[in-house]
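Colleague: next one to model:
(one chain, ligands or ions: 1)
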Amino acid sequence: MNDCIFCKIVNKEIPAERVYEDEKVLVFLDINPINQGHLLVIPKDHYETILETPENVLQDVILRVKKMAQVVDKISDGVNIGQNNKLAAGQLVNHLHFHIIPRNENDGLVSWPGKEYESEDERLKMAEEIKKIVKEVEEENP
Ligand SMILES: [Zn+2]
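Modeller: Next up, the predicted model:
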């Protein structure tokens, strides 16, 4: 994708603080960190979201996510891993990326706010609906 900012980083058309790379995966500092040391792990090939990313590519990326979490764990008290898909979920760059965010006791960051079910019935209906869709997705993506 010619206009993709992360592809441009991969191709060194724009700079980034690269902290790890191999043939398939690149890791660099997020330019707008949630906390100091916030990393982004991306496949070098362009895929927009996790939804259409091939499983072999995801394997390479997620194994690197784990290794970079082990790295970040050495410089912090805890690690958040985040991955957003589509604008409604907060995805701002349409190139698959995992956030690795160092966390420290009393770092002032807040966890996600909750949104509770309005009733036990609503909660059970949601579980049933999701179980049905799990079957659909398994059939669509064997
Ligand atoms: Zn891209």
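Colleague: residues from this protein in reach of the ion?
Modeller: Contact residues (CB under 5 Å from the ion) of the chain with the ion: 1, 4, 6-7, 46, 95. Just so you know, the C-beta spots here come from the backbone N, C-alpha and C atoms, and that holds for glycine as well.
Colleague: recalculate using a threshold of 8 Å.
Modeller: 1, 4-8, 10, 42, 46-47, 93-95 (CB under 8 Å from the ion).
Colleague: residues touching Y47, list them.
Modeller: Under the criterion of CB atoms under 8 Å, 6 or more residues apart in numbering, the contact list for Y47 reads 53-54, 57, 95-96.
Colleague: out of those residues, name the ones that lie in helices.
Modeller: Those of the contacts of Y47 mapping onto helices are V57, per DSSP state H.
Colleague: show the buried residues in the contacts of Y47.
Modeller: For the contacts of Y47, a burial check counting by 16 or more other CB atoms under 10 Å picks out 53, 57, 95-96.
Colleague: phi, psi of the residue in the chain sticking out farthest from the centre?
Modeller: The outermost residue of the chain relative to its centre, with distances by CA atoms, centre = their mean, is D121 at 31.9 Å. Backbone dihedrals for D121, given as degrees, to the nearest 10, come out at phi -60, psi -50.
Colleague: roughly how far apart are it and G114?
Modeller: According to CB to CB, to the nearest Å, D121 stands 19 Å off from G114.
Colleague: what of H95?
Modeller: 30 Å.
Colleague: in this structure, which spans are strands?
Modeller: Using DSSP state E, the strands found in the chain span residues 18-21, 25-29, 39-43, 78-82, 98-103.
Colleague: mean neighbour count, mean pLDDT and distance to V110 added to those strands, as CSV?
Modeller: Below are the strands of the chain laid out as CSV (neighbours: other CB atoms under 10 Å; pLDDT from 0 to 100; distance: least, CB to CB, whole Å):
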stretch, mean neighbour count, mean pLDDT, distance to V110
strand 18-21, 14, 97, 26
strand 25-29, 20, 98, 22
strand 39-43, 24, 98, 20
strand 78-82, 16, 96, 11
strand 98-103, 21, 96, 11
